[in-house]
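Asker: Here you go, sequence then predicted model.
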Amino acid sequence: MTSACDDPAGKSPGPEAPCEPGTLDCKCDSGDCHEDGRCRQDICVAGVCGPTDGWTGWETNILGDANCVRVVGTLAYVAAGDSGLHIFDVADPTSPRREGGLDTPGLALRVTVLGGRAYVADSHSGMQIIDVSVPSAPVLLGTFAVQSSAFDVAVSGSTAVIADSNWGIETVDVTNPAVPVSLGSLTLPGHDHVPPIFTYAIALAGDLAFVAQATAGVRVISIADPRAPVLLTTIATQLAQDIVLAGSYGYVADGEGGLVVVDVASPAASHAVAHLATVGFASSVSWSDGRIALATDTAGVEVFDVADPVSPEPYGHLDTSGEASGVDLTDGYVFTVDGGGMTIASILEPAVPDARYATAGLAYDVFRGDAGVYVAGGTGGLHLLDVANPVLPVAIDTWNTQGTAQGVFVVGDLAYVADGVEGLQIISFADGVSLQWMGSIDTDGDAKQVEVSGSRAYVADGAGGLQIVDITDPETPALLGTVDTDYDVLDVTVSGHTAFLVGSALGLLTVDVTDPANPTTLSALPLGAFTRGVAYADNRVYVAFSGATVGQPSGVRIVDVAQPASPIILGTYETDGRAQNVVVSLGYLYVADGSGGLHVVEVRDPTQPWVVAEYPTTGFLWNVSVAGHFAFRASSVQGMEVTRVCGVP
């Protein structure tokens, strides 16, 4: 793709341009760089985050506030507020070129294009009809004044239908664009409210008009006789801003109400069939090839798979530099406009992480420590990587742990490694140069995972249950106590004096470890599946579960453990892969879903977990560690992968 440093929009790079991928001290204009000094494209290409950060994209600034974009063929038409209409050649979406434009007298809010003409909803200046047959030299053909303010316009044949803000709709004969003629109008209920209920957008289907009218919902209107439009019914929504039609369904950008799917098969009986909450205020929506793109003010663009319209599935996410106000989805590309201009991104790129580091063995676990990223690399031992530049990880050192390094937990300059049949290994990086062995203890079983709390290490020891180890002196760790279980313990997390254990058919076992020599079971919660990984945050435990084979239930159970003796299941997030582990950061789950890749899930409402993004993997994802906007992933095939995660704090 074209880098910002390659000057696609006529910007002038600095004297030492262009910058190299992943380097610091970006030499482009400041707008092309992140706050940390790296070139924007090398951290998150054009701000894009989709199924993977492999989505490619391009950004440009446009004079005025870009409100709407419509793509027809190889041209993108942008309604850009007080700078009017802009036309871009997007035959090569990675290298768009501005062809021309025309300043309109009002504020260009929306545009539709048909038959070589652009119809611009120009706010108080009404509808502007522009000849765009020569994109480099658009010409004004005619103007139609409206009662109040033109917010949108849709055209079918020789009839234009205008969304007239607080008035309703107006139908116009545009056979002669130089002299458009009023045919009729329909004043919609709510126009006389204080404040009035605005008419924001229109979508046409045959002789029907579907009108998004804010708190009034979606109006279904017959325009079979455009001289006398008739209101057929109203679909109740929260704050309808925009609507797009596809077959027997309509998709509504519903402001704070997110995405609403409506069944319009029987127009007079149209009704909502699905609601999907989104982050931010949904203002624009587009459909293409079974997917929906939804523009929001704070969360960029959300993309959904609507192969089954009544069950939309999150597909990906696109960050924008400003508040996304308009979107058009076509031919595998999402075109988005906001206050900062236009962004073009492909949603069909293959899964490509930002960086990889190949380990000698299978990468089972990863931990972001002060010195860098520690990777438990199976028979390849422990790897320490410098990730000062996350997209260019550099090996610092490797230590052969003798066993099978399956889990790692780091405190300061000490790494505690669950090393399979070799038990717990303690490795130091105190000299800042190389890894050095400090001590070890052979556990009874097969050490799978480890967590450190205070002066104790808690080892999930497979058939050996839970091993509690005194690490006051890391050179001579000593066994303090053991929790025997009926099933293999695969993972453990600790909060205060309470340990939470999971593994195979164990479910969730809660243990009081106040006296490590005599741990006491507080509760055993069956979870109906094999439990594999566990994380704790704010009186909740998150348990990764999956079946023995692909196709069996998989996901994360969310459990309230405010009363450890009486845990309560609050909710479940289901995945398509085989969930292996989970971490929590700032109200978001990062789920290592085996062959299903990485899932990022919002859980501020634990009863309704909501996926923010999914990042596929070509291997099998065992675990993940998060630092800032980067996820470090342990993959069976690819080793350690680095992925930039957008759409989260």
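Answerer: Everything's here; your move.

Asker: residue contacts, Ala505?
Answerer: Neighbouring residues of Ala505 by Cβ atoms under 8 Å, 6 or more residues apart in numbering: 487, 530. (Each C-beta comes from the backbone N, C-alpha and C, glycine too.)

Asker: and it, how far is that from Ile569?
Answerer: Per Cβ to Cβ, to the nearest Å, Ala505 is found 17 Å from Ile569.

Asker: low-confidence ranges in the stretch 351-500 of the chain?
Answerer: Low-confidence segments of the stretch 351-500 of the chain, defined by pLDDT under 70: 351-354.

Asker: quick one: secondary structure of Gly445?
Answerer: coil (DSSP: H, G, I helix; E, B strand; the rest coil).

Asker: can you give me phi and psi for it?
Answerer: phi -120, psi -130 (degrees, to the nearest 10).

Asker: May I have the residues that are in contact with it?
Answerer: 461-465, 467, 488 are the contacts of Gly445 under Cβ under 8 Å, 6+ apart.

Asker: Ranking by neighbours, what's the top pick from these?
Answerer: Asp461 (28 neighbours; other Cβ atoms under 10 Å).

Asker: Now that residue. Nearest residue, chain neighbours left out?
Answerer: Gly445 (4.0 Å; Cβ to Cβ, 6 or more residues apart in numbering).

Asker: Also Gln213?
Answerer: Thr199 (5.0 Å).

Asker: still on that earlier bit, what about the contacts of Gly445, which are in strands?
Answerer: Using DSSP state E, Gln467 are the members of the contacts of Gly445 that sit in strands.

Asker: Redo the contacts of Gly445 as TSV? Include distance to Gly597.
Answerer: Shown next, in TSV, are the contacts of Gly445 (distance: Cβ to Cβ, whole Å):
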residue	distance to Gly597
Asp461	29
Gly462	26
Ala463	30
Gly464	31
Gly465	31
Gln467	32
Asp488	25
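
Asker: quick one: which two of the contacts of Gly445 are the most distant?
Answerer: The most widely separated members of those, counting by Cβ to Cβ, are Gln467 and Asp488 (12.9 Å).

Asker: for the residue nearest to Gln213, what are its contacts?
Answerer: With contact taken as Cβ under 8 Å, 6+ apart, Thr199 is in contact with 151-152, 163-169, 188, 211-214.

Asker: That one: what secondary structure?
Answerer: Classification of Thr199 by three-state DSSP places it in coil.

Asker: Pretty sure Gly507 sits against Phe530.
Answerer: No: taking contacts as Cβ atoms under 8 Å, Gly507 lies outside contact range of Phe530: 9.5 Å.

Asker: Which of the contacts of Thr199 are buried, as a PyMOL select command?
Answerer: To isolate in PyMOL the members of the contacts of Thr199 that are buried, counting by 16 or more other Cβ atoms under 10 Å, one can use:
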select buried, resi 151+152+163+164+165+166+167+168+169+188+211+212+213+214
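
Asker: closest to Ala269 among the contacts of Thr199?
Answerer: Distances from Ala269 to the contacts of Thr199, taken by Cβ to Cβ, are shortest for Val211, at 17.1 Å.

Asker: Tell me, how many residues neighbour the nearest residue to that closest one once chain neighbours are set aside?
Answerer: Once flanking residues are discounted, Val211 sits nearest to Arg219: 4.3 Å by Cβ to Cβ, 6+ apart. Neighbour count of Arg219, defined by other Cβ under 10 Å: 26.

Asker: Is Arg219 in contact with Gln213, as I believe?
Answerer: Yes: counting by Cβ under 8 Å, Arg219 touches Gln213, with 5.5 Å between them.
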